[in-house]
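Enquirer: got a predicted structure here, sequence first:
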Amino acid sequence: MPAPVLLATDALFFALVLLLLAFVAVAHRREHLRAPWRVVARSRIALAATVVLASYGIIGLVDSVHFHPRLEQGGQHGAATHSTEVLSLFDVLVGDLRTQKEKTYSAPLATHLYAKESVEVRGAVERVFPRLRYGGAHLADPERDWPGDVALRVVQGAALAALIWSAIVAALAWRGSRRNGRPFAATARALLRGEGPYPSHALFLSLAVVLVVGCITARLAAGYHVLGTDKVGQDVLYQALKSIRTGLVIGTLTTLVMLPAAILLGVMAGYFRGWIDDLIQYLYTTLNSIPGVLLIAAAILMMQVYIANHEEAFASVTERADLRLLFLCVILGVTSWTSLCRLLRGEVLKLRELDYVQAAQAFGVRHFTVLRRHVLPNVLHIVLITVVLDFSGLVLAEAVLSYVNIGVDPTTESWGNMINGARLELAREPVVWWSLSAALGFMFVLVLAANLLADVVRDALDPRLRTAP
C-alpha cells in the first residue's frame, strides 16, 4: 500500500470543497437560498460553463490526492518501504504520460524530433530528423501509417465518448421516468430537447463536447505526444493538465484568505462609520501605497531563505514547493482584499441609509442582526462577481509572477512556468509555439468559463435584478 501524504494545500483545497458541499446542502433545504440558483440553472450559458469548470475541478481534486509510492523490494524483516518521491492519483491515472520523455522538442502528434541532428548512415554523416522513442514508436512506417492511425484513434475516442454520454443520458432518463411515472423513451426525448423548466439540452451538448475532446485526447495520448514535448522532452499535455491544480489552488485559496478580511472590514467601515471607518481606510490606503509586486517579492524571498536554512524540515522537494505555493496564496490574499473592502464600504454606506435599515435600527434590532439580515444579502452579488474576477486575475497574475521568478517554485507545474519557459522558444528557428499555446489555451478556457458563470450568478443574486422564480 502506498503511504498517503497530506500537503497543506491539499488539506485547504479539500476543506474548501467541503464548505461548498455544505453550502449546497443548506441551500437545498431553504427556499430563499434555493430560488436564485434555480434562476442560474435555467441559463444555458451557466450550465455549459459549469460543465467546463467541473471538468477542471475533477482534475484538480484527483491531482490533490498525494502519496509515497511503495518500492518493489521490501525493507529489513520484510517491512514495506516507500519512495521519497511524492506522486498524485492523477500521475497514476495518466500512466506513461509522465515518464515517457523524449530527447528534446517534438511537434504535436509528431513521430520525429523537431530539429535535425547529425546521424551516421552507411558510413556518411547526414542531417536527419531522428525518430522519437515513444511518440509514434508503434508505427512501422510513419509516413505511410500515421494518417490512418491518427484517424482510427480519433474515431475510437469519439465512439468511447458517445458510449459514456449515452450511458449518462440513459441513467438520468431512467431516474426521471421513475420519478414522474413517464415512459423512459419520452423522458429521454424531453431531456435531449430541453423540454421543461431547465435547458437540459445545453447541459448534454456541453457534456458531449467535453467528453469528445477528453476521450479523443486520451486515445491519441496513448501513442503520441498530443501537444508535443518541451526542451527536455517532457510531454506538454501532461504539464498543462498538472498546471490545472496550481491555477485552482491559487485562485481559490487566495480568495479564502482574502474574503474574511474584505467582508468584515468593508461592512464595518460602511455601517459604523466614525473612527472605525477612519481606521480601516487608513489601513487599506497604507497597504495600497506599497507596490504589490515588491511586497510579494519580499515575502517570497523571505520564504526562500527560511526553506534554505531549514531543509531538514521537509521530507521531499514536493513539500518545499507546496509550502511556497501556500505562502504565495497567503501573500496574494493579503495584498488583494483592499479593492473588495473599498467596494463593500461604499455599498454599505448607501444601504445603511435605506428605510428598512433605519426602521430596524429604530426598533432596537442589534447591529449584528441588521448586518446579517439586511446588509450582507444585498452585497452578496458584489462579493461574488469581485471574487470571480479576482480569481481570473490571480490565475493570470501567477503567470506574471513566475515570469519574474517570484511565483511558484520552478519544480511546480504551472501555466506561468510554462509561459516563462516558452518565452525563449519563440526566438528559435523554427518557432516552438505549442508550449505557449497550450498554457494560454487552458488558462483562457478556465477564465472564460468562470467569468460567464459569474455573470449569470451575479444577475441571479442581485436583489435589484431578481425576479420571481
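Expert: Happy to help now that I have it. Numbering: from 1, shown residues only.
Enquirer: for the rest of this, base every contact and every neighbour count on C-alpha atoms.
Expert: OK.
Enquirer: isn't Ile216 up against Gln156?
Expert: Yes - between Ile216 and Gln156 a contact is recorded at 7.4 Å, counting by C-alpha atoms under 8 Å.
Enquirer: these two: which has the busier surroundings?
Expert: Neighbours were counted for Ile216 and for Gln156 using other C-alpha atoms under 10 Å; Ile216 has more, 20 against 16.
Enquirer: the nearest residue to that one once chain neighbours are set aside: how many residues sit nearby?
Expert: Counting by C-alpha to C-alpha, 6 or more residues apart in numbering, Ile216 lies nearest to Gly157, which is 4.1 Å off, once chain neighbours are set aside. As a burial measure, Gly157 scores 22 neighbours (other C-alpha under 10 Å).
Enquirer: surely Gly157 touches Ala218?
Expert: Yes - at 7.5 Å, Gly157 and Ala218 qualify as touching, with contact defined as C-alpha under 8 Å.
Enquirer: can you list residues touching both of these two?
Expert: Residues touching both Gly157 and Ala218 (C-alpha atoms under 8 Å, 6 or more residues apart in numbering): none.
Enquirer: give the helix, strand or coil label for the residue nearest to Leu351 when sequence neighbours are not counted.
Expert: Sequence neighbours aside, Val375 is the residue nearest to Leu351 in space, at 6.8 Å (criterion: C-alpha to C-alpha, 6+ apart). With DSSP: H, G, I helix; E, B strand; the rest coil as the basis, Val375 sits in helix.
Enquirer: before we move on, back to that, can you pull the contacts of the residue nearest to Ile216?
Expert: Gly157 touches Val212, Cys215, Ile216, Thr217, Ala218, Arg219, counting by C-alpha under 8 Å, 6+ apart.
Enquirer: state which helix of this structure is the longest.
Expert: helix 142-180 (DSSP state H).
Enquirer: okay, the angle between the helix or strand just after that helix and helix 142-180?
Expert: Later in the chain than helix 142-180, the nearest helix or strand by DSSP states H and E is helix 184-193. Relative orientation of helix 184-193 versus helix 142-180 (axes from the mean of the first three to the mean of the last three C-alpha atoms, to 10 degrees): 120 degrees.
Enquirer: and Ala8, what does it touch?
Expert: Asp322, Leu323, Leu326.
Enquirer: okay, the second one: pLDDT?
Expert: So that's Leu323. Here the pLDDT value assigned to Leu323 is 84.
Enquirer: number of residues surrounding it?
Expert: Neighbours of Leu323 using other C-alpha under 10 Å come to 19.
Enquirer: returning to that earlier point: just give me the neighbour total for the residue nearest to Leu351.
Expert: If we define neighbours as other C-alpha under 10 Å, then Val375 has 19 of them.
Enquirer: against Ile290, how distant is it?
Expert: Separation of Val375 from Ile290 (C-alpha to C-alpha, to the nearest Å): 31 Å.
Enquirer: returning to that earlier point: what's near enough to touch the residue nearest to Leu351?
Expert: Val348, Leu351, Arg352.
Enquirer: want to throw those residues into TSV with pLDDT, neighbour count and distance to Leu283?
Expert: Compiled in TSV, these are given as follows (pLDDT from 0 to 100; neighbours: other C-alpha atoms under 10 Å; distance: C-alpha to C-alpha, whole Å):
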residue	pLDDT	neighbour count	distance to Leu283
Val348	89	22	18
Leu351	86	20	23
Arg352	85	19	22
